[in-house]
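Q: The following comprises the amino acid sequence and a computationally predicted model.
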Amino acid sequence: SDLPEERKHWMRQETYWSKMVWLYNEMTRLKGKEYALSLFRDGAGYALAATVWVPFFPPHRSFILFLCWEQAKLQGNKVVLEKLDDSEAVVRFDDHQYFALYQQTSHLKEQIALGDYIGIFEALWRDRAKAAGWNLEIDGQGRQIYLRFSRNPSGAL
C-alpha cells in the first residue's frame with residue numbers, strides 16, 4: 001500500500017531542502033552568503049503565481065490566500081489565516097515542516113547552522129511579501145511561526 005499523504009509531504013520536503021542546503025553552502029563557498037541567499041528570493045514569481053491562481057482579488061489579498069493554500073495543500077504545512085484586511089494579515093504556521101526537518105534530521109544540522117537555516121526561511125518570505133506589497137515581521141520558530149504582514153493601503157507614507 002502507499003504511504004500516507006503527510007509522510008509523502010515530509011519526504012518531498014526533506015529531499016528538496018537537503019538539495020537547497022547543499023546549494024546554499026556551495027554558493028556561499030563560491031560567491032558569499034548574500035549571493036547564496038539571493039538564489040532563494042523568488043518573490044516576483046511567487047506573487048505572480050498568486051494572482052494567476054487566486055484571481056478576482058486585489059494582488060495583495062491574492063498573495064495571502066495563495067500562501068495559505070499553497071503551504072497547506074502543496075507543501076503539507078498546517079496553516080491558519082488569523083487575519084486578512086487591506087492593511088494587515090496574520091498567517092500562523094503550526095509545526096512548519098521546514099523547521100521540523102532541521103530538528104528531526106541529523107544531516108541538516110551537520111550541514112548548516114541553525115542561524116543560516118533560519119536566514120534562508122526569512123529571506124524567502126521577506127522577498128515574497130515585498131513583491132506582493134507587504135511588509136513582514138516573522139515571530140517565533142519551531143512549533144508556531146507567525147507571519148505578520150502590514151501595508152499602507154492608501155499608499156501614503
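A: Here it is on my side, so go on. Numbers count the residues shown, from 1 in each chain.

Q: Who are the packing partners of the worst-scoring helix or strand of the chain on mean pLDDT?
A: When the helices and strands of the chain are scored by mean pLDDT, DSSP states H and E, helix 97-104 comes last with a mean of 91. If you count contacts as 3 or more Cβ pairs under 8 Å, 6 or more residues apart in numbering; DSSP states H and E, helix 97-104 packs onto helix 5-31, helix 106-111, helix 114-131. All C-beta atoms are positioned from the backbone trio N, CA, C, and that covers glycine.

Q: Next up, the contacts around P58.
A: P58 makes contacts with D86, as judged by Cβ atoms under 8 Å, 6 or more residues apart in numbering.

Q: one step back: quick one: closest of the helices and strands packed on helix 97-104 to R61.
A: Nearest to R61, of all the helices and strands packed on helix 97-104, is helix 114-131, at 13.2 Å by Cβ to Cβ.

Q: So which residues make contact with stretch 2-18?
A: Contacts to stretch 2-18, defined as Cβ under 8 Å, 6+ apart, come from residues 75-76, 97-98, 101, 105, 107-108.

Q: S106 versus the residue nearest in space to the middle of the chain, what's the distance?
A: In the chain, the C-alpha closest to the average C-alpha coordinate belongs to W125, at a distance of 4.8 Å (Cα atoms, centre = their mean). Taking Cβ to Cβ, to the nearest Å as the measure, W125 and S106 are separated by 26 Å.

Q: ditto for R143
A: Distance from R143 to S106, by Cβ to Cβ: 20 Å.

Q: pLDDT weak spots in the protein?
A: Within the chain, the ranges that satisfy pLDDT under 70 run 141-142, 155-157.

Q: So which of the helices and strands packed on helix 97-104 is the most surrounded?
A: Burial of the helices and strands packed on helix 97-104 is given as mean neighbour count (mean count of other Cβ atoms under 10 Å); helix 114-131 ranks first at a mean of 18.

Q: Residues touching the helix or strand following that helix, excluding its own?
A: Following helix 114-131 in sequence order, the next helix or strand is strand 135-139 (DSSP states H and E). Strand 135-139 has contacts (Cβ under 8 Å, 6+ apart) with 121-122, 125-126, 129-130, 145-151.
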